[in-house]
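Asks: Have a look at this prediction, sequence included:
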There are 2 protein chains.
Amino acid sequence: MRNTGYTIRSMAERCGMTTHTLRYYERVGLIQPVGRARNGHRRYSEADEAWLHFLHCMRATNLPIRDLQRYASLRELGEATSLDRRKILEDHQAVIASQIHELEKAHALLTHKISNYRKIEERLGLAGAAEPAEQMEEQPAVAVSA
Amino acid sequence: MRNTGYTIRSMAERCGMTTHTLRYYERVGLIQPVGRARNGHRRYSEADEAWLHFLHCMRATNLPIRDLQRYASLRELGEATSLDRRKILEDHQAVIASQIHELEKAHALLTHKISNYRKIEERLGLAGAAEPAEQMEEQPAVAVSA
DNA sequence: CTACTCCTTAAAGCGCGCTCCAAGTCAAGA
DNA sequence: TCTTGACTTGGAGCGCGCTTTAAGGAGTAG
């Protein structure tokens, strides 16, 4: 029965989620039951906000809800679960590192393919081919294979 | 009616996909109808393999199948579609760049939280807290907040 | 009192990208 | 001849993470 705190709508805006998602997260145990105003409406605390931002960050990097559920339940058990919680974070950090690697490979591949398309367009005389090059007096003879 | 080329199974292994996925991609038009042996079995060419590797790379970086379908159909129309295809790749490259940014932020956050857990474990005298430190004679007084 | 807005709930629905199933064909080997 | 195994097809099923729906309550303005 708390009358201070954020409404579900304002918390949703603050965290970049929808109100639906906030209720959903509560339902599946990602956040503990939120305090309520006298009329039954949810009132989110600052602590809720910090936790929600963390959830948002983890979800944005593809940590499954299953894992977050486990992490959340360990968190509720207190500091004795530190090792287990750290393991979850370390595992996810490793996954993130390899995702970054994959993305960087793809980024490089795209750079290569995009430059090929530019060359094709130049050859065909299509508009837009030289878009990023302001002056075209001399080409530095870029060597790109395949 | 070709008798050379990779079987669906060996192509699946080469591309890190399942045979199910290869048939699915063909079904939804991500790859054009594959050549067949006399018995009706698929036979994949080197060109198929290159294209499949590209698809794999794009899917691994979350480019939706919808976008790949569009890209694939443009590709079948020839070089005149260069501009449109380049646009798709450039858009995806921008998405990748921002994904990398998100992942790096999360990685940093995790580094921070993991170090906090180590400190908790040290204080509680839990095993594994100093795992990455081979010798613990003197601590360099690490300053980490929150 | 009415209308409106904001919230509540349980439950159903959905889009994506596979993934699996059932039934059948074909070819090689014991 | 029978079995085994790799393939074929169309279609159904599934896990994830929301997202929407339906029905209703509480508070405020006119």
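Replies: All right, it came through fine. Here the structure is a predicted model, which means the values were calculated and not measured. Numbers count the residues shown, from 1 in each chain, chains lettered A, B, ... in the order given.
Asks: Just give me the neighbour total for residue A:85.
Replies: Other residues within reach of residue A:85, judged by other C-beta atoms under 10 Å in any protein chain shown, total 20. (Each C-beta comes from the backbone N, C-alpha and C, glycine too.)
Asks: Kindly apply the preceding question to residue A:23 instead.
Replies: 15.
Asks: For the residue nearest to residue A:114 when sequence neighbours are not counted, give me its contacts.
Replies: Residue nearest to residue A:114 in three dimensions, not counting chain neighbours: residue B:89, with 5.3 Å by C-beta to C-beta, 6 or more residues apart in numbering or on different chains. Residue B:89 is in contact with A:110, A:113, A:114, A:117, B:71, counting by C-beta atoms under 8 Å, 6 or more residues apart in numbering or on different chains.
Asks: which SSE is residue B:89 in?
Replies: For residue B:89, the element it lies in under DSSP states H and E is helix B:82-124.
Asks: coming back round to it: DNA strand C versus the residue nearest to residue A:114, what's the distance?
Replies: 16 Å (C-beta to the nearest atom of the strand, to the nearest Å).
Asks: separation between that residue and residue A:111?
Replies: Note on residue B:89: its distance to residue A:111, by C-beta to C-beta, to the nearest Å, is 9 Å.
Asks: With residue A:65 instead?
Replies: Taken as C-beta to C-beta, the span from residue A:65 to residue A:111 is 34 Å.
Asks: What residues does chain A have near DNA strand C?
Replies: Contact residues, chain A versus DNA strand C (C-beta under 7 Å from any atom of the strand): A:7, A:8, A:9, A:10, A:19, A:23, A:27, A:36, A:40, A:41, A:42.
Asks: restrict those to those near DNA strand D?
Replies: residue A:40.
Asks: Show me which of the residues of chain A next to DNA strand C are buried.
Replies: Buried by 16 or more other C-beta atoms under 10 Å in any protein chain shown: A:8, A:42, out of these.
Asks: Quick check, pLDDT for the residue lying closest to residue A:102 once chain neighbours are set aside.
Replies: Leaving aside its chain neighbours, residue A:102 sits nearest to residue B:60 (5.4 Å; criterion: C-beta to C-beta, 6+ apart). On pLDDT, residue B:60 comes in at 98.
Asks: for chain A, what are the low-confidence residue spans?
Replies: A:1-2, A:128-146 (pLDDT under 70).
Asks: Please report how far the residue nearest in space to the middle of it lies from DNA strand D.
Replies: Centroid check for chain A by C-alpha atoms, centre = their mean gives residue A:60 as the closest residue, at 2.0 Å. Noted for residue A:60: a distance of 9 Å to DNA strand D, by C-beta to the nearest atom of the strand.
Asks: Let me know whether that residue touches residue B:102 as I believe.
Replies: Yes. Using C-beta atoms under 8 Å, residue A:60 is in contact with residue B:102, at 5.4 Å.
Asks: Quick check: the gap between residue A:25 and DNA strand D.
Replies: Distance from residue A:25 to DNA strand D, by C-beta to the nearest atom of the strand: 7 Å.
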